[in-house]
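[1] Have a look at this prediction, sequence included:
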Amino acid sequence: MIILAALFPRASTILIVQFYAGFVLLDGLLCLAAVARAMMRPLPRSFVALEGVVEVVTAIAAFVLIGNLDAQPRGFILLLMATWAILTGVLELGWGLSAHILRGGGLIIAGALLSVAFGIVVLSLGRPDLVTAVWRLAVYVVFLGLLRLLVTFRLQGVVTSQT
């Protein structure tokens, strides 16, 4: 990937943003589907629903922005990613604190704090080169994915033990 990014920076940027937008769109749709199926109190449900809406809007914005990459200000997509990470992190933190989850709640809060920290890092470190941006995003997504996977297994344990 590093060689491709060096040889074809524009194509690599488009591909990376499309993968990012696809991930965010899928995550947003899954949040909205979870809210539709959930039997939780209204406050935690509203945090998850709002996160889903933020993610779907972010994905649409990323797809639109990538369609006209040359006309966008430099670093605008990174600003979109950072804003998304901070907003979803704050919403997940609100959900994690209000849901009173006995198993996996700490992992939800850790994932939320990771998202907020990633957004702050992206905003504070300035506009990096493509390879650095890809590595930052990749490390964040791997850690966030692992935390969410652990949360899923912890919550699944709760579901299976109650039925």
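    Great, that's in hand.

[2] What is the longest helix anywhere in the chain packed up against?
    In terms of residue count, the longest helix belonging to the chain (DSSP state H) is helix 130-162. Counting contacts by 3 or more Cβ pairs under 8 Å, 6 or more residues apart in numbering; DSSP states H and E, helix 130-162 packs against helix 2-7, helix 9-37, helix 76-98, helix 105-124. Heads up, the C-betas are built off the backbone N, CA and C, glycines and all.

[3] So for that helix, mean pLDDT?
    The average pLDDT within helix 130-162 is 75.

[4] just to revisit the earlier point, of all the helices and strands packed on helix 130-162, which one is nearest I66?
    Distance to I66, taken as Cβ to Cβ, is lowest for helix 9-37 among the helices and strands packed on helix 130-162, at 4.6 Å.

[5] Just checking, which helix or strand succeeds that closest one along the chain?
    helix 42-67 (DSSP states H and E).

[6] Could you give the separation of that next one from the chain centroid?
    Its chain's C-alpha centre and that of helix 42-67 lie 10 Å apart, by Cα atoms, centre = their mean, to the nearest Å.

[7] Packing partners of that helix?
    On a contact count with 3+ Cβ pairs under 8 Å, 6+ apart, helix 42-67 meets helix 9-37, helix 76-98.

[8] What residues of the shortest one count as buried?
    Within helix 76-98, the residues that qualify as buried are 77-78, 80-96, counting by 16 or more other Cβ atoms under 10 Å.

[9] Determine which of the helices and strands packed on helix 130-162 approaches G52 most closely.
    G52 lies closest to helix 9-37 among the helices and strands packed on helix 130-162, at 3.2 Å (Cβ to Cβ).

[10] got the angle between that closest one and helix 42-67?
    When axes from the mean of the first three to the mean of the last three Cα atoms, to 10 degrees is applied, the directions of helix 9-37 and helix 42-67 differ by 160 degrees.

[11] ok, now which ones touch the nearest residue to L147 once chain neighbours are set aside?
    Closest residue in space to L147, ignoring its immediate chain neighbours: G111 at 4.1 Å, by Cβ to Cβ, 6 or more residues apart in numbering. Taking Cβ atoms under 8 Å, 6 or more residues apart in numbering, we find G111 in contact with 89, 92, 144, 147-148, 151.

[12] P128: which of those is nearest?
    Nearest to P128, judged by Cβ to Cβ, of these is L144 at 19.1 Å.

[13] among the helices and strands packed on helix 130-162, which is nearest A138?
    Ranking the helices and strands packed on helix 130-162 by distance to A138, with Cβ to Cβ as the measure, places helix 9-37 first at 9.4 Å.
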